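Undergrad: When you get a sec, could you give me coordinates for this:
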Amino acid sequence: MRYTFPHELGSFSTAVALAASTRRIMSTDAVHGFCRVHLLEAFDNRVSCLNEPHLNPGEHMSFWKKLFGGKEEEPSIDPFEDLVLSKLAPGFLVDYDGRTFEVVARHHHDTGDGYRTDDWELRCEGAMHYLNRIEADGVLWTLTRKIPLGMIDERLKSQIQQHGDPLESIDFEGTTFFMQSYGGAQFYRDGRGPAQPFLYWDYEDELRERVLTIEQWGDIEFEAYVGQYVEEYQFIHILPGKQR
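TA: A predicted model of the protein is given here:
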């Protein structure tokens, strides 16, 4: 069984519009399990790490002044309401798997059927990572890295251009990924318009632990991402930063 966007539809934007209106989810089972983040403990731990005790008293700046600049007044931040994963903003810091990530940008895309995905660009040790909050029969989180499409399979680009879709299953890094959903969406960079249309194909492995996504932007531009499902509680020590 193939899932195609017929070339007879005409323009790429028309294909995206049709795909968005007929979004298909091939698997309705979702990966669940969220735990409450111990934000106050994480907040206090990171504050103690960022303090600089070697400064002389006359040179000392409070943590809040260093973080935000200006007057030494603590901003109105509720650790339980504002320092949560879904409210990450550019400049925030967050720890995952023993490493600290800086939030570089926040975007979102809309599939046109009431579903929305929030996208964050994270930087860690000079490498870019992508955190996604996906609304689909609940809320799912993924953390991925960008890879060249040809790294998956050199024939993928021509397969999509000639037949309208990639294969239903893809082998990559010793794992077989199976297509779970596909469609069209509108991407809002920095959360603002104008929207950019694109097509997507989402895959996951048999254990529903790893994920792979292929995106088509226009007639010839493709992107690919690979990673895994993650849980909200795995991200700790969330701190705000200076607004850019």
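Undergrad: quick one, helices of the chain?
TA: In the chain, the helices defined using DSSP state H lie at 12-21, 39-50, 63-68, 149-152, 156-163.
Undergrad: which stretch in these has the least confidence?
TA: Sorting these by mean pLDDT places helix 39-50 lowest, at a mean of 42.
Undergrad: CA atoms only for the longest strand seen in the chain, dumped as PDB, please.
TA: In the chain, assigned by DSSP state E, the strand with the most residues is strand 175-188. Extracted in PDB, the C-alpha atoms of strand 175-188 (Å, rounded to 0.1, in the frame of the first residue of the first chain):
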ATOM      1  CA  THR A 175      17.100   0.000  13.100                       C
ATOM      2  CA  THR A 176      14.000  -0.500  10.900                       C
ATOM      3  CA  PHE A 177      11.600   2.400  11.100                       C
ATOM      4  CA  PHE A 178       7.900   2.100  10.100                       C
ATOM      5  CA  MET A 179       5.800   5.000   8.800                       C
ATOM      6  CA  GLN A 180       3.300   6.100  11.400                       C
ATOM      7  CA  SER A 181       1.900   9.300  10.000                       C
ATOM      8  CA  TYR A 182       2.200  11.700   7.100                       C
ATOM      9  CA  GLY A 183       0.600  14.900   5.800                       C
ATOM     10  CA  GLY A 184       1.100  18.600   5.200                       C
ATOM     11  CA  ALA A 185       1.700  21.400   7.700                       C
ATOM     12  CA  GLN A 186       2.400  25.100   8.000                       C
ATOM     13  CA  PHE A 187       5.600  26.100   9.700                       C
ATOM     14  CA  TYR A 188       5.700  29.400  11.800                       C
END
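Undergrad: helices or strands up against that strand?
TA: With contacts defined as 3 or more CB pairs under 8 Å, 6 or more residues apart in numbering; DSSP states H and E, strand 175-188 has these neighbours: helix 12-21, strand 24-25, strand 99-110, strand 169-172, strand 196-205, strand 210-217. The way it works is simple: take the backbone N, C-alpha and C, and place the C-beta from them, glycine included.
Undergrad: Would you check that F92 makes contact with P240?
TA: Yes: judged on CB atoms under 8 Å, F92 makes contact with P240 at a distance of 5.7 Å.
Undergrad: For G138, see how far away T213 is.
TA: For T213, the distance to G138 equals 19 Å [CB to CB, to the nearest Å].
Undergrad: more crowded one of these two?
TA: Taking other CB atoms under 10 Å, T213 and G138 do not tie; T213 has more neighbours (22 against 10).
Undergrad: Kindly state the beta-bridge partners for the more buried one.
TA: D202, Y225 (DSSP bridges).
Undergrad: Would you mind giving me the confidence score for it?
TA: So T213 comes in at 98 (pLDDT).
Undergrad: again with E173
TA: So E173 comes in at 96 (pLDDT).
Undergrad: Contact partners for the closest residue to it other than its chain neighbours?
TA: Spatial nearest neighbour of E173, excluding adjacent residues (CB to CB, 6 or more residues apart in numbering): V226 at 7.3 Å. The contact partners of V226, by CB atoms under 8 Å, 6 or more residues apart in numbering, come to T144, R145, I147, F172, E173, R210, V211, L212, T213.
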